[in-house]
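Peer 1: Task: produce atomic coordinates for the following.
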Amino acid sequence: MKNRQLYYWLTFALVACVFPCLALCKAWAEPAAPALLRVPVFFVTDRNLEMESKEKGASFGPHRKHIGDCQHDPFMGFGYCVVRNEGGKSLSADLTARGWSAASATDKAGETIVRTIEAKDFTNVQATFYSQLREAAGKTSRKEIVLFAHGYKNSFDAALRTAGRFSYSYESPVVLYSWPSVAKLRSYNSDENNNEWSQEHFNDVALKLQEICDTEPQLKLRLFAHSMGTRLIVRGMPFLCGKTFIKEVALVCPDVDGGLVKHYARRYLAEKGTTTVRLYMSQRDKALALSQMVHGGYARFGECADSLATVAKTAFQGASKSASVPAKNDSSEPEALNGLKKRMQTIDFTDLDRGVIGHKIPVDVMCNMSYSNDPGKDLKLVEQQSGARSKTSLALSKLTKLQAASSSSSSYSTDNCLRVVRTTKSVSNL
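Peer 2: Just a heads-up that it's a prediction; the model follows:
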C-alpha cells in the first residue's frame, strides 16, 4: 500500500515538473513578438521634394511640386513606418514576404523612410508603382488596396505615420495620397487652396486604381480620408460613385460643407451600388466647430450624426424635382432606400475621442468595422437618435442664426446611426 502511494506521489511530482518545462521550451522555441515593426507604405504626393539621399530617403515640403504650369506627374514611391506592435503580432512568413520586418535596435516609433521611383519619364514611374502595388495586393488573402488621404495641418511625415497605422491594422498595401498641406495652424486657407488644386491628381490616382481592378477583378479598394482630405472624395464623386471595385468609403471627421455633400449626392449617388459608406464623427470634435466658425456658421458634414440614409432620401427627392438631374425611380424608392440603408452607417465614436480638440482617427475601430461590422473587443454599437451634435456646434449655429429647421419625422431618420460605447473601463482612448 505504501509503495503504491509512493508511486502515485512520484508520478504526480514528475508530471508537475515536466509540463512547466515543456511550456518553457515552447516559449524559448517561439521568439517573442518584436516591440516595434517596420510596416510598408506606398505613397503618391504632389508636394515639393526638399531632398533625397541614400541614407535618409526622400523629404517632402509644404508647397506644390509645380508652382507654374502643372505637369501632372506627382512623386510616387515606397517606404516604411516604424509602429508599435500593440497587437503582439508575430512576423509570419506571409507578412515578411509583403515587406514587414522587425525594427532595428536604433529605430524609434514613428520614424519613417521613403524613396521615390526613379525612371526616365513619368509613364515608367507609374508603370513601376502600380505594378508593385498590384503585386503586393495579390499576395494578401483579402486582395485589397487601401487609399488614404490626410487632412488639414498634416506634414508628409505625420500623414505617413497615420498611413503606417492603417498598414499595421489592415495588413494590406496602403497608399498614402499626400497633398501640399502647410502643416501650420494659421495656414487653413492655404491648405484649402492646395487641396482643391490637388483634386485632378487624386482623380488620376483613382482612375489608375480602377484600371488595375478592372484588369484583375478580384482586387478591391478601400477609400479612406480624414478632415479636409474628405473633400477629395466628395469632389471625386463623379468618378467614384457606382464603381464596383470600391469596397468601402470612410469619411472620418469630414471637414466639408454638409450642404455641398448633399448636392453631390443628389446628382451622383448610385441607387444600386455595392460600396459600404461610413461616416465617422465625434461630438468632442472642436476642430470642426472652429471650421464652422471660419465658414460663416455653416455646419460641417462631420459635426452632425445624421443617418446617411436621410442624405440618400434627400438625394432621391431632390433629383425628382430637377430636369437637369437624372430622375430616380419614384416607384422603387423604398426598395432603393432599403438597399442604401444596408450599406450606409454613421458611427459616433465620441466615447473614444480624446484631447482638447478631438478630431482623431479611430483606426482600430475602422478596421474591425470593415471586417466584422463590430467596433472591437470591449466595445459595442448602440443605436442613437439621428442629428446628434456637439454643444459648441449648436451654439455657433444659433449665434449665426443658421440653425436648420427641424426636419419632419421619417422612418429613415435613425437607420444605421450608431454610437460606439465601452463595455468595460479597460478600453483606452484613441
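
Peer 1: ok, for Gln71, nearest residue in space, not its chain neighbours?
Peer 2: Phe122 (7.6 Å; C-beta to C-beta, 6 or more residues apart in numbering). No exception for glycine: its C-beta is placed from N, CA and C like everyone else's.

Peer 1: doesn't Cys417 make contact with Ala385?
Peer 2: Rather than Ala, residue 385 is Gln. Yes - assessed by C-beta atoms under 8 Å, Gln385 is found in contact with Cys417 at 7.2 Å.

Peer 1: And the strands in the stretch 301-430 of the chain, which stretches?
Peer 2: Remark: strands assigned in the stretch 301-430 of the chain by DSSP state E, counting those that start in this stretch are 344-348, 379-383, 417-422.

Peer 1: go on, the stretch 151-300 of the chain?
Peer 2: Using DSSP E, counting those that start in this stretch, strands in the stretch 151-300 of the chain cover 174-178, 220-226, 246-252, 276-281.

Peer 1: Sheet-wise, list the partners of the shortest one with their directions.
Peer 2: Translated: strand 174-178. Applying DSSP bridges to the sheet, strand 174-178 is found paired with strand 36-45 (parallel), strand 144-149 (parallel).

Peer 1: So which residues make contact with that strand?
Peer 2: Contact partners of strand 174-178, identified using C-beta atoms under 8 Å, 6 or more residues apart in numbering, comprise 41-45, 47, 60, 133, 145-150, 154, 156, 159-160, 162-164, 166-167, 202, 205, 229, 232.

Peer 1: picking up where we left off before, please identify the deepest-packed of the strands of the stretch 301-430 of the chain.
Peer 2: Per residue and on average, the most neighbours among the strands of the stretch 301-430 of the chain fall to strand 344-348, with a mean of 24 (mean count of other C-beta atoms under 10 Å).

Peer 1: for it, the distance to its chain's centre please.
Peer 2: 14 Å (C-alpha atoms, centre = their mean, to the nearest Å).

Peer 1: again with stretch 306-314
Peer 2: 21 Å.

Peer 1: where does the stretch 1-150 of the chain have low pLDDT?
Peer 2: 1-31 (pLDDT under 70).

Peer 1: Now do the strands for it: every range, in order, please.
Peer 2: Under the criterion DSSP E, counting those that start in this stretch, the stretch 1-150 of the chain contains strands at 36-45, 47-53, 57-64, 75-84, 101-102, 112-116, 144-149.

Peer 1: Would you mark the buried spots in the third one?
Peer 2: Which is strand 57-64. Gly57, Ala58, Ser59, Phe60, Gly61, Pro62, Arg64 (16 or more other C-beta atoms under 10 Å).

Peer 1: how far away is the fourth one from Leu49?
Peer 2: Spelled out, it's Phe60. Separation of Phe60 from Leu49 (C-beta to C-beta, to the nearest Å): 6 Å.

Peer 1: quick one: common contacting residues for these two?
Peer 2: Counting by C-beta under 8 Å, 6+ apart, the shared contacts of Phe60 and Leu49 are Phe75.

Peer 1: neighbours of Arg134, just the number please.
Peer 2: By the criterion of other C-beta atoms under 10 Å, Arg134 has 17 neighbours.

Peer 1: and Leu240, how far is that from Pro180?
Peer 2: Distance from Leu240 to Pro180, by C-beta to C-beta: 22 Å.

Peer 1: now do Leu219
Peer 2: 29 Å.

Peer 1: Ser386 too?
Peer 2: Relative to Pro180, and taking C-beta to C-beta, Ser386 is found at 36 Å.

Peer 1: Cys417 too?
Peer 2: Distance from Cys417 to Pro180, by C-beta to C-beta: 35 Å.

Peer 1: ok so, going back, quick one, which of the strands of the stretch 1-150 of the chain gets closest to Asn189.
Peer 2: Ranking the strands of the stretch 1-150 of the chain by their distance to Asn189 (criterion: C-beta to C-beta) puts strand 57-64 first, at 13.7 Å.

Peer 1: helices or strands next to the closest one in the packing?
Peer 2: strand 47-53, strand 75-84, strand 112-116, helix 156-170 (3 or more C-beta pairs under 8 Å, 6 or more residues apart in numbering; DSSP states H and E).

Peer 1: Let me have the strands paired with strand 174-178 in a markdown table, extended by mean neighbour count and distance to Ser104.
Peer 2: Compiled in a markdown table, the strands paired with strand 174-178 are given as follows (neighbours: other C-beta atoms under 10 Å; distance: least, C-beta to C-beta, whole Å):
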| stretch | mean neighbour count | distance to Ser104 |
| --- | --- | --- |
| strand 36-45 | 23 | 8 |
| strand 144-149 | 26 | 26 |
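
Peer 1: So which of these is nearest Thr392?
Peer 2: strand 144-149 (25.9 Å).

Peer 1: How far does the closest one sit from its chain's centre?
Peer 2: 7 Å.

Peer 1: Over to stretch 369-386?
Peer 2: 16 Å.

Peer 1: looking only at pLDDT, what's the mean for it?
Peer 2: Averaged over stretch 369-386, pLDDT sits at 92.

Peer 1: buried set for that stretch?
Peer 2: For stretch 369-386, by 16+ other C-beta under 10 Å, it's Met369, Ser370, Pro375, Gly376, Leu379, Leu381, Gln384, Ser386.

Peer 1: Equivalent analysis for stretch 73-90, please.
Peer 2: Asp73, Pro74, Phe75, Met76, Gly77, Phe78, Gly79, Tyr80, Cys81, Val82, Val83, Asn85.

Peer 1: what about it, start to end distance?
Peer 2: 38 Å (C-alpha to C-alpha, to the nearest Å).

Peer 1: What residues does Ala222 make contact with?
Peer 2: To be clear, residue 222 is Arg; Ala isn't right here. Glu144, Ile145, Val146, Leu147, Tyr170, Ser172, Ile246, Lys247, Glu248, Val249, Ala250, Ser370 are the contacts of Arg222 under C-beta under 8 Å, 6+ apart.

Peer 1: go with 7 Å
Peer 2: Glu144, Val146, Lys247, Glu248, Ser370 (C-beta atoms under 7 Å, 6 or more residues apart in numbering).

Peer 1: How about Val256?
Peer 2: Thr230, Arg231, Val234, Arg300, Phe301.

Peer 1: same thing with Pro180?
Peer 2: Asp46, Arg47, Pro62, His63, Arg64, Asn194, Ser198.

Peer 1: repeat for Gly296
Peer 2: Per C-beta under 7 Å, 6+ apart, neighbours of Gly296: Thr400.

Peer 1: Any figure for the gap between it and Phe148?
Peer 2: 30 Å.

Peer 1: Same check on Ser172?
Peer 2: On the measure of C-beta to C-beta, Ser172 and Phe148 end up 11 Å apart.
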